[in-house]
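**Student:** the following block contains a protein sequence and its predicted model.
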There are 2 protein chains.
Amino acid sequence: MASAPSASGEDSLIARYFRPIATDPGAFNLDDDAAALKPSGDDIVVTTDAIVEGVHFLPDDPPDTIARKALRVNLSDLAAKGAVPAGFVLTLALRNAEESWLKAFADGLGEDARQFGCPLLGGDTVSTPGPLMISITAFGRVPAGRMVHRSGAKPGDRVLVTGTIGDAALGLAVLRGGKIHAAANEVAARDLLISRYRVPQPRTALAEIVREFASAAMDVSDGLAGDLGKLCAVSGVSAAIDLDSIPLSDAARDLVSRDIVGIETLVAGGDDYEILCTVADDRTEAFSLAARRAGVALSSIGMVVAGNAGPKFLDKQGREIALKRLSYSHF
Amino acid sequence: MASAPSASGEDSLIARYFRPIATDPGAFNLDDDAAALKPSGDDIVVTTDAIVEGVHFLPDDPPDTIARKALRVNLSDLAAKGAVPAGFVLTLALRNAEESWLKAFADGLGEDARQFGCPLLGGDTVSTPGPLMISITAFGRVPAGRMVHRSGAKPGDRVLVTGTIGDAALGLAVLRGGKIHAAANEVAARDLLISRYRVPQPRTALAEIVREFASAAMDVSDGLAGDLGKLCAVSGVSAAIDLDSIPLSDAARDLVSRDIVGIETLVAGGDDYEILCTVADDRTEAFSLAARRAGVALSSIGMVVAGNAGPKFLDKQGREIALKRLSYSHF
């Protein structure tokens, strides 16, 4: 049902706002039941991620940031797989079709679609009595067989991560009030943390560089510790991570230094949408140089080691710190 | 978040049940963040359709039929576009991860994936405090540029539809009790109507034949009358439909003949998931023959005519019947 605009006024409204984002010829101006992706000889990388009101975003988050987050969590996956964005389809489950909300949502989505070169190809709008939900399936292209996997990490590889870790989890804590909200007492720090929660920065600029250099990669969505554990498990390796080298924003570092929050909370927090990857030790310098040229901050946080145990997290003195929680879990 | 199995027991459960359906090498055994579709020189047709508890299925529908419906509404779109199934990704929004429900859901999904040659490529599972929702994006292949559009209908073309119309709407009415439940007093008739609501029959066997013969096609999801109106509008034509030639099941015909339900209700009912298409008059015989060989029932229900007005629905005497409602609308 409702795979395309029907005769009803609300469906026309939806078509009116979303059609301008459907700039790819394969979207057929959203006048059809399906889109077409043209063959280019590349593999098409497919990823799907949904966000749910009250779980991945808050009911009073601005509609444009909800749209951006829905698209960016998928763009983040594509970047970590070494894929260049090609387009996306959108499923929107709404309680009602309110014009001002839809307009702001579509405007935010359209700006990001243009910025990241990822046009809307089609979608479905359904009504729900429950929370708002946005599910996006995004497509990217890589030369045949060149998608970057989770499974290629080898003992001796370096473990690297882009950007900073833990800001989004702190941003959510700020929005929820309480201890961290009170402690993050500078407006600029609060705003930075909140914006990191609401609007992740997909590392699209690094996609081709990751493809050239990384032995394994994934994006950090459920928490650095847990996600690294998954990468290690699939690769059949372990890792030793230097907690002190995990990159933190000034705002996060300030909260850690004042003992408001522990580093363990940040590495298990989730919603970072940074790229976690492993690179052969002798290629790390070239990788770092290429990342710097692309304008993406990169930190080496440890080494891949042989073994089947979960990754170890070490403090300044080289003592292992046991993490109570590795990642965010939905259930 | 949760784009892949995490350390939690429930996520492992999900992986355990869905991994056997992910038979395509491009699914990477669901161990990665993304899937890869190999280039074949064909266009990849992309369609996305979601179903929501309480809207598209009922809370006490069996989990295997919910899974089948979620996949089949997408397979129906692919068939109408002339595309051969290639795979799908799944977003599952659950209140909780109950093992018996998940097992039955995955079993039903797996059987259909095998039957229709459409393997699971990946997915995302999220928790929701609201209704269960399943969003599927499905992929099919057509030779480059050969996707069948809504927009090619020409005056003089015949209008044809597969299967029977209105059964699913009656099945929903039976499940809801009331007048139609009481009137459909034979168990076999009730069961047929309910199964047509719960488990649509995608006309996958007709995909390549539609591609060869149809000037325009779409699947009937929101109601025959409204969907034909959309096809005509995009094609810049009108149509004259003979209400008496609209194919009905015995159960539906019985209810109409006893004046329990009007034909208008059936043509506006929705959830049919039959193929509606237009074919040049002089190719209709060959099309019908090919459909018969493929084992798909096909009925000619009218003609495409010039004009911009909505399609006309004519009774036995050739008088126009005004329809109060053209299709199901979500809002």
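**Tutor:** Thanks, I have the structure now.

**Student:** tell me which element the residue nearest to residue A:167 when sequence neighbours are not counted is part of?
**Tutor:** Leaving aside its chain neighbours, residue A:167 sits nearest to residue A:196 (3.8 Å; criterion: Cβ to Cβ, 6 or more residues apart in numbering or on different chains). Yep, even glycine has a C-beta here, placed from its N, CA and C like the rest. Element membership for residue A:196, per DSSP states H and E: helix A:187-198.

**Student:** ok, and for that helix, which residues are buried?
**Tutor:** Going by neighbour count (16 or more other Cβ atoms under 10 Å in any protein chain shown), the buried part of helix A:187-198 is A:189-190, A:192-194, A:196-198.

**Student:** same check, this time on stretch A:105-116
**Tutor:** Neighbour-count burial for stretch A:105-116, counted by 16+ other Cβ under 10 Å, picks out A:105-110, A:112-113, A:116.

**Student:** take the residues you listed and keep only those in strands.
**Tutor:** Among the buried residues of stretch A:105-116, no residue falls in strands (DSSP state E).

**Student:** which residues does the residue nearest to residue A:167 contact?
**Tutor:** By Cβ atoms under 8 Å, 6 or more residues apart in numbering or on different chains, the contact set of residue A:196 is A:167-168, A:170-171, A:249.

**Student:** try residue A:239
**Tutor:** A:153, A:159, A:228, A:232, A:302-305, A:311-312.

**Student:** most surrounded residue in these?
**Tutor:** Greatest neighbour count in the contacts of residue A:239, by other Cβ atoms under 10 Å in any protein chain shown, goes to residue A:228: 29 neighbours.

**Student:** nearest residue to that residue in space, please, no chain neighbours.
**Tutor:** Using Cβ to Cβ, 6+ apart, the closest residue to residue A:228 is residue A:311 (5.0 Å).

**Student:** thinking again about what came up before, of the contacts of residue A:196, closest to chain B?
**Tutor:** residue A:168 (10.6 Å; Cβ to the nearest Cβ).

**Student:** contact partners for the closest one?
**Tutor:** Per Cβ under 8 Å, 6+ apart, neighbours of residue A:168: A:193, A:196-197, A:200, A:269-273.

**Student:** possible to save the residues you listed as TSV with pLDDT?
**Tutor:** Formatted as TSV, those follow (pLDDT from 0 to 100):
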residue	pLDDT
A:193	96
A:196	96
A:197	96
A:200	97
A:269	90
A:270	90
A:271	94
A:272	97
A:273	97
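
**Student:** next one: the helix or strand containing residue A:12 to chain centre, how far?
**Tutor:** Counting by DSSP H and E, the element that carries residue A:12 is helix A:9-18. Relative to the centre of its chain, helix A:9-18 is centred 28 Å away, using Cα atoms, centre = their mean, to the nearest Å.

**Student:** next secondary structure after that helix?
**Tutor:** Following helix A:9-18 in sequence, per DSSP H and E, is strand A:35-37.

**Student:** the helix or strand just after that next one and chain B in contact?
**Tutor:** Counting by DSSP H and E, the element after strand A:35-37 in chain order, helix or strand, is strand A:43-52. Yes - counting by Cβ under 8 Å from any Cβ of the partner chain, contacts between strand A:43-52 and chain B involve A:43-52.

**Student:** so how far is residue A:46 from residue A:183?
**Tutor:** Using Cβ to Cβ, to the nearest Å, residue A:183 is found at 41 Å from residue A:46.

**Student:** repeat for residue A:265
**Tutor:** Residue A:265 is 33 Å from residue A:46, by Cβ to Cβ.

**Student:** skipping adjacent residues, who's closest to the residue in chain A that chain B sits nearest to in space?
**Tutor:** Residue nearest to chain B within chain A (Cβ to the nearest Cβ): residue A:130, separated by 1.9 Å. Among residues not flanking residue A:130 along the chain, residue B:130 sits closest, at 1.9 Å (Cβ to Cβ, 6+ apart).

**Student:** and residue A:255, by the same measure?
**Tutor:** Per Cβ to Cβ, 6+ apart, closest to residue A:255 is residue A:261, 4.8 Å.

**Student:** does that neighbour belong to a helix, a strand or coil?
**Tutor:** Here residue A:261 is recorded as coil under DSSP: H, G, I helix; E, B strand; the rest coil.

**Student:** check whether it really touches residue A:170, as I assumed.
**Tutor:** Yes - counting by Cβ atoms under 8 Å, residue A:170 is a contact partner of residue A:261 at 6.9 Å.

**Student:** overlap in contacts, those two.
**Tutor:** Counting by Cβ under 8 Å, 6+ apart, the residues touching both residue A:261 and residue A:170 are A:180, A:252, A:255.

**Student:** let me know how buried the first one is, in neighbour terms.
**Tutor:** Put plainly, it is residue A:180. 21.

**Student:** residues touching it, list them.
**Tutor:** By Cβ under 8 Å, 6+ apart, residue A:180 lies in contact with A:170, A:173-174, A:255, A:260-261.

**Student:** which helix or strand contains residue A:90?
**Tutor:** strand A:84-94.

**Student:** note down every partner strand of that strand and its orientation.
**Tutor:** In the sheet, strand A:84-94 lines up against strand A:120-127 (parallel), strand A:133-142 (antiparallel) (DSSP bridges).

**Student:** so which of those is the most packed in?
**Tutor:** Each of those was scored by mean neighbour count; the highest is strand A:133-142, a mean of 28, by mean count of other Cβ atoms under 10 Å in any protein chain shown.

**Student:** by contact count, what packs against the helix or strand following that strand?
**Tutor:** Sequence-wise, the next helix or strand downstream of strand A:133-142 (DSSP H and E) is strand A:158-162. Applying 3 or more Cβ pairs under 8 Å, 6 or more residues apart in numbering or on different chains; DSSP states H and E, we find strand A:158-162 packed against strand A:274-279, helix A:284-293, strand A:298-305.

**Student:** how about 7 Å then?
**Tutor:** Under the contact criterion of 3 or more Cβ pairs under 7 Å, 6 or more residues apart in numbering or on different chains; DSSP states H and E, strand A:158-162 touches strand A:274-279, strand A:298-305.
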